[in-house]
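> structure, please.
(chains A and B)
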Amino acid sequence: QKEVEQDPGPLSVPEGAIVSLNCTYSNSAFQYFMWYRQYSRKGPELLMYTYSSGNKEDGRFTAQVDKSSKYISLFIRDSQPSDSATYLCAMILIQGAQKLVFGQGTRLTINP
Amino acid sequence: GAVVSQHPSRVICKSGTSVKIECRSLDFQATTMFWYRQFPKQSLMLMATSNEGSKATYEQGVEKDKFLINHASLTLSTLTVTSAHPEDSSFYICSVTPGSQETQYFGPGTRLLVL
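Here you go, the predicted structure:
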């Protein structure tokens, strides 16, 4: 079993839809959670960073963490074609060498 | 977010040659940098953790003599792929981590093609 599970998709939705991306994890020691967006042939770009259960909002993006269920989500409101990319969840243990553990990434396409 | 640069962005080389990739932290001094590789449609795989002034820590299965890492200053780490072969063709990405945070900021990546 992988430490972090993420549905690779692909996921295709119409422009303006609300997108929900999810990851589950098995190690309850993970304390810091991130979402990255990666466009084709580019490095990952940090979107959201949180360490507590609950919601964190930034513009059209909302990150949700449920530590009791070991489940994190990223919601994208009013999705745009420019949001088409691969979204990677990542998490880190509170102790150790700051190694990120990534999900497989979900390929998202927003259709105009 | 932090600004991280990589050079070159793309390199094509013949089999058997060595290739050096630079990673620079432009916003802050980074005592720790990370090197990843990514194959098409796959997630990032950590290769090694680069520590300024000391030897890099390699992940299991990564050959340290083939992937030489030098973190000579607080803003620069280099990855040298020695005697490159076609199977080394991949997307190599570095990242830096501010000391006050637990997250990482990534460079734009270097695409290596070995013929």
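> if we ignore the residues flanking it in sequence, what's nearest A:Gln98?
Spatial nearest neighbour of A:Gln98, chain neighbours left out: B:Thr97 (5.7 Å); criterion: CB to CB, 6 or more residues apart in numbering or on different chains. Backbone N, C-alpha and C define where each C-beta goes, glycine included.
> gap between whichever residue of chain B sits closest to chain A and B:Val4?
Of all residues in chain B, B:Phe106 sits closest to chain A, at 4.0 Å by CB to the nearest CB. Going from B:Phe106 to B:Val4 by CB to CB, to the nearest Å gives 6 Å.
> give me the common contacts of the two.
Overlap of the contact sets of B:Phe106 and B:Val4 (by CB atoms under 8 Å, 6 or more residues apart in numbering or on different chains) consists of A:Gly43, B:Cys94, B:Ser95.
> report the contact partners of A:Asp66.
A:Ser53, A:Ile72.
> same thing but 7 Å
When contacts are counted by CB atoms under 7 Å, 6 or more residues apart in numbering or on different chains, A:Asp66 touches A:Ser53.
> give me the distance between the residue of chain A found nearest chain B and B:Gly53.
Across chain A, no residue is closer to chain B than A:Gly43, which sits at 4.0 Å (CB to the nearest CB). According to CB to CB, A:Gly43 stands 25 Å off from B:Gly53.
> mean pLDDT per helix and strand in chain A: which one sits at the bottom?
strand A:100-102 (a mean of 90; mean pLDDT, DSSP states H and E).
> contacts for it next, please.
A:Glu3, A:Val4, A:Leu88, A:Ala90, A:Met91, A:Ile92, B:Ser43, B:Leu44, B:Gln104.
> just the ones of these in strands?
Residues of the contacts of strand A:100-102 located in strands (DSSP state E): A:Val4, A:Leu88, A:Ala90, A:Met91, A:Ile92.
> give me the neighbour count for the fourth one.
So that's A:Met91. 24 (other CB atoms under 10 Å in any protein chain shown).
> that older thread, report the contact partners of the residue of chain B closest to chain A.
Counted by CB under 7 Å, 6+ apart, B:Phe106 has contacts A:Gly43, A:Pro44, B:Val4, B:Ile93, B:Ser95.
> how near is the closest residue to B:Ser73 other than its chain neighbours to A:Cys23?
In this structure, B:Ser73 finds its nearest non-sequential neighbour in B:Glu52, 7.0 Å apart by CB to CB, 6+ apart. Using CB to CB, one gets 32 Å for the distance from B:Glu52 to A:Cys23.
> neighbour count: those two, which is higher?
Using other CB under 10 Å as the criterion, B:Glu52 and A:Cys23 rank with A:Cys23 on top: 25 against 16.
> isn't B:Ala56 right next to B:Ser50, touching?
Yes. In this structure, B:Ala56 is within contact of B:Ser50 by CB atoms under 7 Å, at 4.9 Å.
> okay, now the unreliable bits of chain B?
Within chain B, the segments meeting pLDDT under 70 span B:1, B:99-101.
> how about the residues of it by chain A?
B:1, B:32, B:43-44, B:46, B:49, B:93, B:97, B:102-109, B:111 (CB under 7 Å from any CB of the partner chain).
> ChimeraX command for the buried members of those?
Applied in ChimeraX, the following selects the buried portion of these according to 16 or more other CB atoms under 10 Å in any protein chain shown:
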select /B:32,43,44,46,49,93,97,102,103,104,105,106,107,108,109,111
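> what about the residues of chain B next to chain A, which are in strands?
B:Thr32, B:Leu46, B:Thr49, B:Ile93, B:Tyr105, B:Phe106, B:Arg111.
> thank you, goodbye.
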